[in-house]
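1. I'd like to go over a predicted model; first the sequence, then the structure.
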Amino acid sequence: MALVAMVFVGALNANAATTNGSNILAMSGTVSFIQDEAAPAQTETGFHQQLKERFVEGGPGFMGIVLLCLILGLAIAIERIIFLNLSTTNTQKLAQNVEDALNSGGIEAAKEVCRNTKGPVASIYYQGLDRVHEGVDVAEKAVVSYGGVQMGQLEKNVSWISLFIALAPMLGFMGTVIGMIIAFDKIQSAGDMNPSLVAGGIKVALLTTVFGLIVAIILQVFYNYIIAKIDSIVNSMEDASITLIDMLLDYKSKNKI
């Protein structure tokens, strides 16, 4: 009985091993089949490649002009952002340094602090200090006038960005309208309303609108950032002007000028 039991158990183990081996082979075959089926999915193009293909499909005419709007708009926006960041100064620290120099070394020492500091606020301080000997009223007028000049420098070329924001979608719409006209011309020439005849033309026409809107959205973000930065610097200039006049009045009252 023991020998029969051992033979029976051995047969069961051999059966199990055979079954497991078959299952493993079947699973391996299934995995290989899945991998073979999934292999073509890895050849899908990325987003930038699809964007490039769509741009080419849109045609070189209007798409080239829309791309030019994007390039010029971004160039101006980046230049303005760099200029505005360089024009930003710590107004409170500058006012404190000018006041300390004014109390310790007089007008010339305060002017030297302004000369060594970049930005429109320091330039406004210098103009006010340079004309304080003519009176505080004259210095105040000089500060206001030069503040207007500095504001013009901050807003330089910003109107071009707004032009490109408006121009890009309008060019896209124009390309769409022209593409639709061409599509209807094909229908008229063929004398038949065949969807395949005009589908490609309509798709190309709509692509110009899509890219025009994309360019406008990108430039609009940069434009809003630039406007907010200009407003911040202008507010600092106005606050600094008031601080400077108060500083000069206090200096003249102390020194009996």
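-> Here it is on my side, so go on. Numbers count the residues shown, from 1 in each chain.
2. chain center to stretch 126-135: distance?
-> Remark: stretch 126-135 is offset 41 Å from the chain centroid, using Cα atoms, centre = their mean, to the nearest Å.
3. Show me what that stretch is in contact with.
-> 98, 107, 110-111, 114-115, 138-140, 142-143, 146, 241, 244-245, 248, 251-252 (Cβ atoms under 8 Å, 6 or more residues apart in numbering). Where you see a C-beta, it was placed from the backbone N, CA and C, and this is true even at glycine.
4. Would you mind listing the buried residues in it?
-> For stretch 126-135, a neighbour-count test (16 or more other Cβ atoms under 10 Å) marks Tyr126, Gln127, Gly128, Leu129, Arg131, Val132 as buried.
5. Output that stretch as CSV - backbone C-alpha positions only.
-> What follows is stretch 126-135, C-alpha atoms only, in CSV (Å, rounded to 0.1, in the frame of the first residue of the first chain):
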residue,chain,number,x,y,z
TYR,A,126,18.8,112.6,-8.8
GLN,A,127,16.7,115.1,-10.8
GLY,A,128,15.0,116.4,-7.7
LEU,A,129,18.3,116.7,-5.8
ASP,A,130,20.0,118.4,-8.7
ARG,A,131,17.4,121.2,-8.7
VAL,A,132,16.8,121.6,-5.0
HIS,A,133,19.0,124.8,-4.9
GLU,A,134,16.4,126.5,-7.1
GLY,A,135,13.7,125.7,-4.6
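6. Contact partners for Ala240?
-> Per Cβ under 8 Å, 6+ apart, neighbours of Ala240: Thr91, Leu94, Ala95, Val121, Ile124, Tyr125.
7. Go through these and name the one nearest Leu68.
-> Val121 (36.5 Å; Cβ to Cβ).
8. Next up, identify which helix or strand the closest one is on.
-> Using DSSP states H and E, Val121 maps to helix 120-130.
9. Could you turn the buried ones of the contacts of stretch 126-135 into a PyMOL selection?
-> Restricted to buried positions by 16+ other Cβ under 10 Å, the PyMOL selection for these reads:
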select buried, resi 98+107+110+111+114+139+140+142+143+146+241+244+245+248+251
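10. Domain boundaries for this structure, per the record?
-> Domains of the chain are assigned by automatic domain parsing as 2-40, 49-255.
11. pLDDT of the longest one, averaged?
-> Across domain 49-255, pLDDT averages out at 84.
12. end-to-end on that domain?
-> With Cα to Cα, to the nearest Å as the measure, domain 49-255 spans 72 Å from end to end.
13. Quick one: distance of that domain to the chain centre.
-> Centroid separation for domain 49-255 versus its chain: 12 Å, with Cα atoms, centre = their mean.
14. what's the nearest residue to Ile227 once chain neighbours are set aside in contact with, if anything?
-> Once flanking residues are discounted, Ile227 sits nearest to Val158: 7.4 Å by Cβ to Cβ, 6 or more residues apart in numbering. For Val158, the contacting residues are Ile76, Arg80, Tyr223, Ile226, Ile227, Ile230, by Cβ under 8 Å, 6+ apart.
15. Do I have it right that Val66 meets Thr209?
-> No - checked against Cβ atoms under 8 Å, the pair Val66 and Thr209 is beyond contact range at 9.7 Å.
16. Please enumerate the shared neighbours of the two.
-> Residues touching both Val66 and Thr209 (Cβ under 8 Å, 6+ apart): Gly172.
17. And the two? Which one has more around it.
-> Val66 (28 against 21; other Cβ atoms under 10 Å).
18. downstream neighbour of the helix holding Val121 in the secondary structure list?
-> Next helix or strand after helix 120-130 toward the C-terminus (DSSP H and E): helix 136-154.
19. which strands and helices sit next to that next one?
-> helix 60-87, helix 120-130, helix 195-255 (3 or more Cβ pairs under 8 Å, 6 or more residues apart in numbering; DSSP states H and E).
20. Pick the most buried one from the ones you listed.
-> helix 120-130 (a mean of 24; mean count of other Cβ atoms under 10 Å).
21. Quick one: residues contacting the residue nearest the centre of the chain.
-> Centroid-nearest residue in the chain, with Cα atoms, centre = their mean: Phe222, separated by 4.9 Å. Contact analysis of Phe222 by Cβ under 8 Å, 6+ apart lists Gly73, Leu74, Ala77, Ile81, Ile161.
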